[in-house]
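Participant: output the structure for:
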Amino acid sequence: MLSFRLYAAVSFLFSLSVLFPPFCIGIRSFPTRAIVDSAAGSSGEDDVIAASWSRFSEAPDYRNGAECATSFNREMASSCDPSLVHIAMTLDSEYLRGSVAAVHSVLKHASCPENVFFHFVAAEFDPASPRVLTRLVRSTFPSLNFKVYIFREDTVINLISTSIRVALENPLNYARNYLGDILGRCVDRVIYLDSDVLVVDDIHKLWNISLTGSRVIGAPEYCHANFTKYFTDGFWSDPVLSRVFSTRKPCYFNTGVMVMDLRRWREGNFRKKIENWMELQRKRRIYDLGSLPPFLLVFAGNVEGIDHRWNQHGLGGDNVRGSCRSLHPGPVSLLHWSGKGKPWVRLESKNACPLDHVWEPYDLYKHHNIAKYHQSFSSISASTLIGFSSYLS
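Facilitator: Okay, the predicted model is just below:
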């Protein structure tokens, strides 16, 4: 009997490996009514889900205007539909408050919010299970088009080396390396966004940017930044390693905001190219900064440059102190709290930076005073952001 059970278990696991890729398993979203009905029949998890729901207010139901083309059934929006704007983000309990605010900002400023589809990648062993996170997203955004994918952390755990900040060693930070495998092969193009961003412009403008030639990714580039600091002296002193940039003019770019051509990504096997550098890093230290340097090694100097307005990054300060910073000169379409300091943490600790108050009106966490909530939106759009720059043109 024991041998039969063992055989059955092995057969079941083998079947799963055939049916699902090794990187993830997808959880489809489902109507709010179905969530309530299924939750009513659950036991211990029901209490956890209910507690999670109570943390966030329901977002306004943003709808398309008459000018928006709609070629799909709202109730049956497909994760493969090429007419939609596809956005990929990670989803975990630690950054959940940021993720919810980011989604809220995208919908609020989108010209056609119903034409946006979110692909959320959740960690397999997060304290809040992917199914709980799925239900929380649905309760906060009842009409959102989305799908949650379970990221198998063992895919990358043995490739991660120590970083300057422990948070950068989280396996989920590396999920962007595997989007070509995690998302269905029918998804040819996606915008990747970090969880600590606000989009204050129409996301369709970013989606419509062309990736010319054979370029695989597009991102704002910062060619005046000191590129050498992203790699160790040992890397630069090695004539073989440093030769990787001999035919390119590399510029720093931030991987928290990228337009990605997944078809070219898959064809070029860029996941493996990134993993090769991570494997080398495990053998000899060539950089100190988590998931960013491998992207620079593979893509820097061959990136489709996007206007800087689409990543006003560094608002979280550096990776050690997380000090306050102001916006770069120029218009703003996306604010990014990259660095150690996160706006929800600083606001909660009563140690907020000035720009953290720009993030606050998009926060759906425990907003019980709706009047104050809408008043905050008015004051931000009328004075604060415009005071920094003209962010909508």
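
Participant: what's the closest non-adjacent residue to residue 95?
Facilitator: Distances taken as C-beta to C-beta, 6 or more residues apart in numbering place residue 195 nearest to residue 95, at 4.1 Å, with adjacent residues excluded. Every C-beta, even on glycine, is put in place using the N, C-alpha and C of the backbone.

Participant: how far out from the middle of the chain is stretch 142-154?
Facilitator: 11 Å (C-alpha atoms, centre = their mean, to the nearest Å).

Participant: likewise stretch 281-292?
Facilitator: 22 Å.

Participant: rewinding a little: before we move on, what SS does the residue nearest to residue 95 have?
Facilitator: coil (DSSP: H, G, I helix; E, B strand; the rest coil).

Participant: now do residue 146
Facilitator: Assignment for residue 146 (three-state DSSP): strand.

Participant: one step back: got a list of what the residue nearest to residue 95 touches?
Facilitator: Applying C-beta atoms under 8 Å, 6 or more residues apart in numbering to residue 195 gives the contacts 89-91, 95, 98-99, 102.

Participant: try residue 109
Facilitator: 199-203.

Participant: helices - which of those residues land there?
Facilitator: residue 203 (DSSP state H).

Participant: among the contacts of residue 109, which one lies nearest to residue 228?
Facilitator: residue 199 (31.8 Å; C-beta to C-beta).

Participant: out of the contacts of residue 195, which sit inside strands?
Facilitator: 89-91 (DSSP state E).

Participant: okay, the nearest residue to residue 62 once chain neighbours are set aside and residue 133: tell me how far apart.
Facilitator: Leaving aside its sequence neighbours, residue 62 sits nearest to residue 113 (C-beta to C-beta, 6+ apart; 4.0 Å). With distances taken as C-beta to C-beta, to the nearest Å, residue 113 is found 21 Å from residue 133.

Participant: what does residue 360 give?
Facilitator: Taking C-beta to C-beta, one finds residue 360 at 23 Å from residue 133.

Participant: for residue 364, same thing?
Facilitator: 15 Å.

Participant: who's more crowded, these two?
Facilitator: residue 133 (24 against 20; other C-beta atoms under 10 Å).

Participant: may I ask you to confirm that the residue nearest to residue 62 is in contact with residue 65?
Facilitator: No: applying C-beta atoms under 8 Å as the test, residue 113 and residue 65 come out as separate, 9.4 Å apart.

Participant: most surrounded residue in the ones in strands among the contacts of residue 195?
Facilitator: Busiest of these [other C-beta under 10 Å] is residue 91, holding 29 neighbours.

Participant: who's in contact with that residue?
Facilitator: If you count contacts by C-beta under 8 Å, 6+ apart, then residue 91 has 99, 120-122, 130, 133, 137, 148, 195 around it.

Participant: switch to 10 Å and redo it
Facilitator: For residue 91, the contacting residues are 99-100, 103, 118-123, 126, 128, 130, 133-134, 136-137, 146, 148-149, 151, 172, 175, 195, by C-beta atoms under 10 Å, 6 or more residues apart in numbering.

Participant: about what we covered before: columns distance to residue 336 on top of the contacts of residue 109, output as TSV?
Facilitator: Formatted as TSV, the contacts of residue 109 follow (distance: C-beta to C-beta, whole Å):
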residue	distance to residue 336
199	10
200	11
201	13
202	17
203	14
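
Participant: and the contacts of residue 109 as JSON lines, adding distance to residue 263, neighbour count and pLDDT?
Facilitator: Shown next, in JSON lines, are the contacts of residue 109 (distance: C-beta to C-beta, whole Å; neighbours: other C-beta atoms under 10 Å; pLDDT from 0 to 100):
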{"residue": "199", "distance to residue 263": "25", "neighbour count": "26", "pLDDT": "98"}
{"residue": "200", "distance to residue 263": "30", "neighbour count": "22", "pLDDT": "98"}
{"residue": "201", "distance to residue 263": "26", "neighbour count": "21", "pLDDT": "98"}
{"residue": "202", "distance to residue 263": "25", "neighbour count": "18", "pLDDT": "98"}
{"residue": "203", "distance to residue 263": "21", "neighbour count": "25", "pLDDT": "98"}
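
Participant: so the residue nearest the centre of the chain bridges to which residues?
Facilitator: For the chain, residue 89 is the residue whose C-alpha lies nearest the centre (C-alpha atoms, centre = their mean; 2.8 Å). Beta-bridge partners for residue 89, by DSSP bridges, are residue 120.

Participant: just to check, it is in contact with residue 119?
Facilitator: Yes: under the criterion of C-beta atoms under 10 Å, residue 89 makes contact with residue 119 at 7.5 Å.

Participant: residues that sit against both of these two, list them.
Facilitator: What both residue 89 and residue 119 touch, as defined by C-beta under 10 Å, 6+ apart, is the set 146, 191-192.

Participant: and of the residues you listed, the nearest to residue 185?
Facilitator: Nearest to residue 185, judged by C-beta to C-beta, of the shared contacts of residue 89 and residue 119 is residue 192 at 17.1 Å.
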